[in-house]
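**Student:** Have a look at this prediction, sequence included:
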There are 2 protein chains.
Amino acid sequence: MLSSTPDELYERHRDLLRRAQDAVAAREFWTPYPEGPGDAAYGTDAAAAGERAFEQLIGRDFAIEVPGAAGRISPERSPYGLALDVSYPRSTVDALVAAARAAMPAWREVGPHGRAGVAAEILTRLNARSFEIAQAVRHTTGQPFMMAFQAGGPHAQDRGLEATAVALTESTRFPAVANWEKPHRGAPIRLHKTFTVVPRGVSLVIGCNTFPTWNSYPGLFASLVAGNPVIVKPHPRAILPLAITVQTAREVLAGAGLDPNLVTLAVEEPGDGIAATLATHPAVRVVDFTGSRAFGDWLEANARHAVVYTEKAGLNTVVLDSTDDYPGLLRNLATSLSLYSGQMCTTPQNLLVPLAGISTPAGARTPDEFAADLGAAIDRLLGDDRRAAAILGAIVNDEVLARVDEAGTHGRVVRAADPMVDPDNPKAILRTPLVLRLDADAESVYSREWFGPISFVVATASTTHSLELFRTSVTHHGAIAAAVYSTSEEILVAARQAALDCGVHLSENLTGGVLVNQNAAFSDLHGTAANPAATATLADAAFVTGRFSVLESRRHV
Amino acid sequence: MLSSTPDELYERHRDLLRRAQDAVAAREFWTPYPEGPGDAAYGTDAAAAGERAFEQLIGRDFAIEVPGAAGRISPERSPYGLALDVSYPRSTVDALVAAARAAMPAWREVGPHGRAGVAAEILTRLNARSFEIAQAVRHTTGQPFMMAFQAGGPHAQDRGLEATAVALTESTRFPAVANWEKPHRGAPIRLHKTFTVVPRGVSLVIGCNTFPTWNSYPGLFASLVAGNPVIVKPHPRAILPLAITVQTAREVLAGAGLDPNLVTLAVEEPGDGIAATLATHPAVRVVDFTGSRAFGDWLEANARHAVVYTEKAGLNTVVLDSTDDYPGLLRNLATSLSLYSGQMCTTPQNLLVPLAGISTPAGARTPDEFAADLGAAIDRLLGDDRRAAAILGAIVNDEVLARVDEAGTHGRVVRAADPMVDPDNPKAILRTPLVLRLDADAESVYSREWFGPISFVVATASTTHSLELFRTSVTHHGAIAAAVYSTSEEILVAARQAALDCGVHLSENLTGGVLVNQNAAFSDLHGTAANPAATATLADAAFVTGRFSVLESRRHV
């Protein structure tokens, strides 16, 4: 492997980093990683080569070293029914932490620019492995291929580069040296000062089952650039995409003459509880977590010595008042609910419709009518099995299946979560979106989060009532995403106000190609510490400033 | 009162704010508030007018409104023996929080620039009251006049403006609006996006007894600019300086057409525990605290829903290896130990000297010799009573006196904490610095923090041993400040490395007019989250980024 020092890597990627920093500041569209699998940049053989590379991993010992290796496990299973049987070496908490700590001092010496150079190189190599990663994501999460490629590959890399850029910007805000000269009777007082970035400590990234790379890259790269060694703890059912990531990172680190244990892999069988043990280790000072509300809350309460960045779950809410494009609204929402079978942290759950109905150019549509219209729109979208499978993907795990079954008992089913067969993957388990009709007083149902293809059409007294429900339920239970549909600027202003009050990002009148559950790095914020669903915002300054300190030394000139 | 809108105030102070932002970025010397009480900017009558204004406050009801007023208290006493008898209206936790919450939405609407304009106006008016505040600080803390003026007035205002500048910079990093245009087959996808700063919630600033303004202004102004209403809870023995501050802030707010309850005063008798009740109120989401390790640790552990910025206490350490200016070293350290009777969070406590002695141009000085030399230097510095009083000030409270008495029993007293009489303030209680000789194994003594005029000369095996002691004791117990004296560049590099390892700011070879316990806003960092003595650094980005979120809304163009 051609080796490059961190400084050389910074020089190599200086323009990329600068453009990423500029994009973050301007929030305009920008990406260095093409999202189209057919993009010429990937080369014509890339898809096939990536698939071959992925196939080479199946049924083998994954080639990665861990400190204090102690046996191997292979806890993954593909939602598409493929036998994965990839085995990973297991380590111990103490060995992982000790190796991370040992790697820290030299990494501190590298400084923010060199570290950002290393991060950019890792991302560049990950981008080259996008098709391999896409297969790994697909067969651990059940995502359809296109999403596995985009969200698992270039979009995740975008988020990683965004975090790299923000961390570089924030950690280089102080000059490395400064000369301080204070006027004084007689001669001025002169001090020479140095400012050095020091890491907070060992960083732990806990991955989730559904978006192993997209949700892990921000914390991984922010911590690395801030100087923290990172222990990557994937979800036991979605290890492979992060194993490839850690392998790539370790190659780049070793090639740069650095300790590869700056990034290590911590695997476990489901239920081993290694994440809790790692997160409460005194040397672990940064924790990034994506997953359930329960464990996220536990981490926030118990990993007290650490700064804890969580993205949990909440009540994604859509306030429906009026529209001048009802078919567009239905198409857009039907797609939002169907995409990856609603297994996204941004999938809308609560659709609030006034009893008098949504005003449309063709007249008002009551909650019942809207629910039926939405069900029909979903049916149309999923009318063709092959096309449906490419949108729905597969159900990721049994918990989601159980939740779909349970949800059906809690309200009037307008559209059932009918099973479907993926013609190309007959072993995959599919469910189409379940749509239930609830009244506003069924708060005990819709105030819980139902992760999966489960949505509620909730009838409210009025749009004002909808906004009040939106405000109070998100204030108390949180949300990752929210949307409003209205032709009234007054209602839009009120919705925006309500979103600011309860602390959630808002999409307004999406009827075209953008979905409420899509967001673009460098421009859109994802999650927010302003409501209980998260303590992290991807990727603002607060997401990185807790990961390092700046220390000063000073002496007379 | 001439009223100005927040926007007008921003325009008025735009240059001031811009220069403050530039100074923070460059870390060069800058201050808009002259530190000399004789500076022409204050006017020739300022000192006398300030004293008259202060005298008008004595024995009266302080003119300030609080929400839900319920009786008055006057818990202060002057360490100089002056009968203060200033009475303040008491409020209740619920009334304070309710008033703060009610004031929040309109303050959010003002936006970061208008809020920074309001903050700058408050600071400008506080600067004009510097002499009045100086008397208030002096008579609540026991600081000598010059320190009370400088640290209580212009230097505190500097820190407030610094926090204002950092908060303005960080909260305006996102554009207010952005146009996002993604290339797409057919027509590009266009979204119009808005980014709005929202406050984290009600902010609580808990003041300390010794530096009521200097340590409170950073949190007060950072929170205000970030959009949070602030409840100011002074130490029960040092209310007046913050009551004047809150009064001034409320005048500016009311004059700008805003709710004065954006800044309120919460007074209590000692032991009432209102700080704990406020800090754990669910609506209080930001806590700034300066004071004891015990209560700071309690806040960090219990105010879980809030972001908690603490400055507690630690083991300020000086590593003494060698010097080419031994008299300068002694003068500098003697002054550091004597200033305000060592009642500063930055006063050196542990002076580590190798058994073989400190190398000086006149030969080595062993720990015993150095301790004696330091004692003599202190005696010389404090030889004249009036001059001594102007350096020492008065002992702030009985806890410090008791600690001095106790400390004397824990080692060999090289220099006793002799009482002194301030000729101009015969009722003031003074103590001169106590210097004890300890061996390195007396860890149980020097590993505790002894706030007050108490320092230990600790004999170590070597400078390497000193550095190791420094590293381990600060890692475990924290420190606000550290210093090293050496003529060897190698030792200085090793000391700097040790300081980075244990996470503390370092002063090197200070033998002139700068003391380890002095630091200048806009350039020097004060405290650091990198060791257990604090979770806040005055004033880095992390000090402000936890106080707000940025929320996005987006719609098709």
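**Tutor:** Now that the structure is in, tell me what you want to look at.
**Student:** I'd guessed A:L320 sits against A:A482; true?
**Tutor:** No. Counting by C-beta atoms under 8 Å, A:A482 is not a contact partner of A:L320; they are 12.0 Å apart. Just so you know, the C-beta spots here come from the backbone N, C-alpha and C atoms, and that holds for glycine as well.
**Student:** any idea what the nearest residue to A:F131 once chain neighbours are set aside is structurally, helix, strand or coil?
**Tutor:** Nearest in space to A:F131, with sequence neighbours left out and distances taken as C-beta to C-beta, 6 or more residues apart in numbering or on different chains, is A:G50 at 2.2 Å. Three-state assignment for A:G50 (DSSP: H, G, I helix; E, B strand; the rest coil): helix.
**Student:** quick one: A:G50 from chain B, how far?
**Tutor:** Using C-beta to the nearest C-beta, to the nearest Å, A:G50 is found at 24 Å from chain B.
**Student:** tell me, how many neighbours does that residue end up with?
**Tutor:** 23 (other C-beta atoms under 10 Å in any protein chain shown).
**Student:** before we move on, what about A:Y217?
**Tutor:** Neighbour count of A:Y217, defined by other C-beta under 10 Å: 33.
**Student:** Next: A:A362.
**Tutor:** 8.
**Student:** which residues does it contact?
**Tutor:** A:Y326 (C-beta atoms under 8 Å, 6 or more residues apart in numbering or on different chains).
**Student:** Ramachandran angles for it?
**Tutor:** Main-chain dihedrals, A:A362, degrees, to the nearest 10: phi -100, psi 20.
**Student:** And A:T169, by the same measure?
**Tutor:** Note on A:T169: backbone dihedrals following degrees, to the nearest 10 are phi -60, psi -50.
**Student:** doesn't A:Q21 make contact with it?
**Tutor:** Yes. Contact status for A:T169 versus A:Q21: in contact at 5.4 Å, counting by C-beta under 8 Å.
**Student:** Tell me which residue of the stretch 1-150 of chain A lies closest to chain B.
**Tutor:** A:R27 (3.8 Å; C-beta to the nearest C-beta).
**Student:** From B:D384, how far out is that residue?
**Tutor:** Distance of A:R27 to B:D384, computed by C-beta to C-beta, to the nearest Å: 63 Å.
**Student:** And for A:R448?
**Tutor:** From A:R448 over to B:D384 the distance is 75 Å, taken as C-beta to C-beta.
**Student:** what distance separates whichever strand in chain A runs longest from the middle of the whole chain?
**Tutor:** Of all the elements of type strand in chain A, the one with the most residues (DSSP state E) is strand A:189-199. Centre-to-centre, strand A:189-199 and its host chain are 36 Å apart (C-alpha atoms, centre = their mean, to the nearest Å).
**Student:** Can you identify the element that follows it toward the C-terminus?
**Tutor:** strand A:202-206 (DSSP states H and E).
**Student:** Just give me the residue right at the centre of chain A.
**Tutor:** Computing the C-alpha centroid of chain A and ranking residues by C-alpha atoms, centre = their mean puts A:N215 first, at 2.7 Å.
**Student:** which parts of the stretch 151-300 of chain A sit against chain B?
**Tutor:** Applying C-beta under 8 Å from any C-beta of the partner chain, one finds that the stretch 151-300 of chain A approaches chain B through A:170, A:173-175, A:178-184, A:189, A:191, A:193-196, A:198, A:200, A:300.
**Student:** Can you flag the buried ones in these?
**Tutor:** A:170, A:173-174, A:178, A:180, A:182, A:189, A:191, A:193-196, A:198, A:200, A:300 (16 or more other C-beta atoms under 10 Å in any protein chain shown).
**Student:** Quick check: the farthest pair among those residues?
**Tutor:** Greatest spacing in these, by C-beta to C-beta: A:I189 and A:E300 (45.7 Å).
**Student:** Low-confidence ranges, chain A, go.
**Tutor:** A:1-2 (pLDDT under 70).
**Student:** need the longest helix for it.
**Tutor:** The longest helix of chain A (DSSP state H) is helix A:93-128.
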